[in-house]
Each structure stands twice: as C-alpha cells, then as structure tokens.
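1. prediction below, plus the sequence it came from.
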Amino acid sequence: MTLEEKTKKLLKDAKTIAVVCNQWGDTGKGKLVDFFADWADIIARGTGGANAGHTIVANGEKHVVHLVPSGITYDPQGKINILGEGVAFDPITMKQELETLAQEGLSFNNLMISRNAKLVLPQHIALDRLENTADGQTKIGSTGRGIGPVYEDHVGRRGLVVNDMLNPRIFGEKLEANLQHNLSLLKSKDPKAVKKVLEQKALLNGKFYDPYDILDTKEMISVYLEFGQFFRKWISDTEDFLANSVGKKRILLEGAQGFLLSYEHGSHPFVTSSNCSIQGLVKGVGLSEKDVERVFGIAKAFYMTRVGEGPFPTEFGGAESSEWCKNHTRQNERERFPNPNINSSCELEQGVAARVIGEEYGATTGRPRRTGWLDLPLLRLAAKTNGSELILTKVDVLDSCERIKVCVDYKYEGPDYQLGNETLKSGRELRVAIMDPNVLPHCIPIYQEFPGWQSAIRNIREYSKLPQKLKEIIRFIELETSIVSVGPERDQTIIRD
C-alpha cells in the first residue's frame, strides 16, 4: 500500500481535519501540513502571525515560511492556501516572503487573504520590541513581530484590518485613532531606543521614522495603501468561502505556535497572544469545532523544546540551560560543545546534543531552543482540549540515546497554595499539569526510564519494522499515536497500521 493510500485509509471519509501542536511549538507542524496538503483541496491558517516559523523539506529543498500557509508548495496543483481572520497580517513580512518564494521557484496564484485579518502596523512592532526592556529585547521571549500589540488593539476596538488598506479615507481615520493611543506609549519610551527599533529591517530601515513625531503618518499611509493595491487580488471574504466549502472540499486547518503557549491555556505571562488550541484555530478561520472531524496533535518524541522564558519542568540542566540559551548563539554553543554527547552525564551537554541533532534553533529567530524530556502531564493537559489523536515527530533525534526518560507525573514541592476550594500541599503528585504560574515552577518530574533503541530509523517506512523498544515507549504514552515521523522529508512519515 502506497503512502497516499495509507493516508486516505487513515482519514477515511473526513472532509475537514486540523493539525495543531500539543507542546510549546516547533514540533514539525510545517512538515505535517505539507504532508496532509497532498490530500487537501484547501489549507487554512487561523492564528498567530509572522512569529510562526514553519520549515518544509520537499525533494531535498528547504523552504521556511512565516505567514504563508505550509501548503503553498502545492499551489501549482490548484490547491488554495488561506490566511484567516484570526491571523496577525504584517504586509512588510508577507511581501518579502512572497518575493523569496518566487525566487525559490514557488507560485502563489491560489493564495487567499481574509479581508478581516488583523493588520500589523509599525507601532505594533516597535512597542513589541520595547515592551519590557529599553533595548528592545523582551523578557518574556517575544519574537518582536508586533503580535501582542495588534491583538491588544483589536480587543481595545482601535485595530485595523487588511481591508482598510483598500479604502484610503477609512485607513487614514482609523490610523489616526490608533496612533492617539500608541504614540503616547511610544513617547514614554527612551527616544534613542525608539529610533533604533524603527530603523530596523523589519520596519524598512527607518522609512516610517520621524525625529519630531516618532512616526511619519503620511509615509505610513502612502506605503500601506500601496500594500493594499499589491495584495488586492488575494484579499476576499475567506470566512464565507470556507463555510461554503465545508463538507464539499477537503479542508486542512494549520495551527501556529503551540497549545502550551496559548493565552487561554498557557503559563502566564510566558505565552503568545493568540489561542493556539483547536478552539482558537477554528475561530480564526470562521468555522466551529463541529466542522472538524479529525484533530491531530503533534508532539516531539521523546524530548520537547521551549523558546524564551517560562517554566519547563523536564528541562535538561534546569535553570542553567535556560540561562545558557538566553545568552548564547548557535555558533558559540558549538565552540563550547564541538561534539556534544546525547549520553553525557552532564545534563546541559545532553540538552545541547539534542538541540544539535534535532537542529533546534528558531526558524523565525534563530534562537537556541531549550530542550528537555517528554512531559506527559503537559501532554495530557493538551489532549483534554485538542483530543487524544497524536502525531510523534523527530523520533530519529534520539536514535543513539542509551536511556530515555519520560516524565509520567509531577510531585509538587512548593508552599501551600489555594486552588479554588482545595489546598495544594507539598508532596502531592499530579497526573495532569496545572498551568498556574504559582504551581508549575514547583513541579518536580517523576520519571520512568526506558532503554533506547540505538539504531537508525530514518529509512524505515513501516510501523511494524520500527525497533521494538521504540514501540514499547509509544504504547506507554497511552494516547492514540496515528503517525510517526522519522525525518524531515515527506516520505519519512510512517502511518500506523
């Protein structure tokens, strides 16, 4: 049976499916969306913005997308890629990304952009980069793409949408109202830092900077109206289009970031500004959960990663690792650990090895990702919302690992803490994670160890041929593992019999 035939058998009669991340992002959504895009007629994104970084490897060629849906490589086949109303749309990044895709020989004739997508403006990016520190490097680990501020403006009823770029008078009026709020925030910042941020590449190297008024409103209007004309042919009512396609076309919904980063479900304040669960995804494309027949939650196996600040109970090296990733680049990490050993007794080195083997450096930022063992209490929490159907990715990263540890439960070792009508006391074991910033940092992982399979699996294409020791760990996880990914290429995807 071919891989295509196996995919059809797996999906059965489903018309609408979704791919989401059950961890902190960076789990390989791009690859799996690209994989399922061969089945789909329509691929739609509904959350996040240019803070996403999805890597697609097709026929040995790597493509990194940030805003464009990961099904874009199928554009020549007439497949439609949609950016929904829940997306934070940065026209600067989008235009640059389309130019890059064109240079790589990819087309985007069937792209559709929601007229109601939230419009990222220069003040959003500037404020994002200046939010917590004077030098523009935010403490919570934000990518600085303006995502938080644009969603804040939307909820605050002063935001702009993509369609506004097509209407000069409306755009000017709404921009002026928006700046009444945001300019006062920018003026409270260090003027030198503001100038430095506005002169960065993401803001066209100072094109919008005004030494007297901070932002050149006329220039902003001119440039964004030009963007409106550039994107005009792709802008439409995507929500109505998708609603009318449900049950008639094969629809693939693409998640961004990860469930544990969702502002609804994550550990505040170390979260992103959109709802990364299946609930947020369907809302962001104008559908409802009842329209989706299958939800595939992705998790790395049997390690996981996190970018930026925030609690990470199973992190290799704990606080030392977190500090290391904050202060080192990919280059100087390799200088310190030229040949890191995944079986090292030094947890920090073990984490570096997992990062090097798994190429765990941000597709958007290039930052080293913090690494740690698979955490089942967190995975169980995600499954409560996203469902129990699981895709395991990057399994091959631990091919040479002698002993694999899986966190099965937590032991709470913090002070007494009131949780509603009950008191959480030190020593209590937790099977499902509690995403409370006053609880999770005090959770000590309880591990179960497994012998590693210690053999290369990248060339295996049948589930039955995977090493027995690997399959034993998969069974132990208990969730319904449908797919095992053993490499970055499309055909390095094993559908479980």
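-> Ah, there it is.

2. going on from the helix or strand of the chain with the lowest mean pLDDT, what's the next piece of helix or strand?
-> Here the helix or strand of the chain ranked lowest by mean pLDDT, DSSP states H and E is strand 54-58, holding a mean of 74. Remark: after strand 54-58, the chain's next helix or strand is strand 61-65, criterion DSSP states H and E.

3. so what's the nearest residue to Trp453 once chain neighbours are set aside up against?
-> Leaving out its chain neighbours, the residue that sits closest to Trp453 by Cβ to Cβ, 6 or more residues apart in numbering is Pro467, at 3.6 Å. Every residue, glycine included, has its C-beta placed from N, CA and C. Contact partners of Pro467, counting by Cβ atoms under 8 Å, 6 or more residues apart in numbering, are Trp453, Ser455, Ile457.

4. show me what contacts the last one?
-> Contacts here follow Cβ under 8 Å, 6+ apart; on that basis Ile457 touches Val395, Asp396, Asp399, Leu466, Pro467, Leu470, Val486.

5. what about stretch 443-454, average pLDDT?
-> Stretch 443-454 shows a mean pLDDT of 98.

6. where are the low-confidence patches of this structure?
-> 58-59, 132-142, 363-366 (pLDDT under 70).

7. name the residue most distant from the centre of it?
-> Tyr212 (37.6 Å; Cα atoms, centre = their mean).

8. just the element for it, please.
-> Following DSSP H and E, one finds Tyr212 outside all helices and strands.

9. phi, psi of it?
-> phi -100, psi -40 (degrees, to the nearest 10).

10. and the strands in the stretch 51-200 of the chain?
-> 54-58, 61-65, 80-83, 88-89, 111-114, 118-119 (DSSP state E, counting those that start in this stretch).

11. of those strands, which approaches Trp234 most closely?
-> strand 111-114 (4.7 Å; Cβ to Cβ).

12. quick one: which of the contacts of Pro467 is nearest to Gly71?
-> The closest of the contacts of Pro467 to Gly71 turns out to be Ile457 (Cβ to Cβ; 26.7 Å).

13. so that closest one: helix, strand or coil?
-> Here Ile457 is recorded as coil under DSSP: H, G, I helix; E, B strand; the rest coil.

14. related to what we said a few turns ago, for Tyr412, see how far away the residue farthest from the centre of the chain is.
-> 55 Å (Cβ to Cβ, to the nearest Å).

15. please tell me I have it right and Gly286 contacts Glu85.
-> Yes: applying Cβ atoms under 8 Å as the test, Gly286 and Glu85 come out as touching, 6.1 Å apart.

16. could you tell me which residues touch both of those two?
-> Joint contacts of Gly286 and Glu85 (Cβ under 8 Å, 6+ apart) are Ser114, Thr238, Glu239.

17. quick check: phi and psi on the second one?
-> In other words, Thr238. phi -70, psi -30.

18. residues in contact with it?
-> Ala44, Ile82, Leu83, Gly84, Glu85, Met112, Ile113, Ser114, Arg115, Val285, Gly286.

19. give me that answer again for 6 Å
-> Neighbour list for Thr238: Ile82, Gly84, Met112, Ser114 [criterion: Cβ atoms under 6 Å, 6 or more residues apart in numbering].

20. which SS state does Ser482 fall under?
-> Per three-state DSSP, Ser482 ends up strand.

21. count of residues packed around Asn327?
-> For Asn327, the tally of surrounding residues (other Cβ atoms under 10 Å) stands at 9.

22. and if you look at Phe450?
-> Phe450 has 17 neighbouring residues, counting by other Cβ under 10 Å.

23. skipping its backbone neighbours, what lies nearest Pro91 in space?
-> Phe227 (4.0 Å).

24. quick one: which helix or strand includes the one you found?
-> helix 217-231.

25. tell me what the closest residue to Asp291 other than its chain neighbours is bridged to.
-> Of all residues not flanking Asp291 in the chain, Val246 sits nearest, at 5.0 Å (Cβ to Cβ, 6+ apart). Beta-bridge partners of Val246, counted by DSSP bridges, are Lys249.

26. so Val246 touches Val292, yeah?
-> No: contact between Val246 and Val292 fails when scored by Cβ atoms under 6 Å: they sit 9.3 Å apart.

27. neighbour count for these two, which is higher?
-> More crowded of Val246 and Val292, by other Cβ under 10 Å: Val292, with 20 against 16.

28. mind checking how far that one is from Asn22?
-> 16 Å.

29. quick one: contacts for Asp216?
-> Phe208, Asp210.

30. got the phi and psi for it?
-> phi -90, psi 100.

31. likewise Gly46?
-> For Gly46, the backbone dihedrals (degrees, to the nearest 10) come out as phi -130, psi 0.
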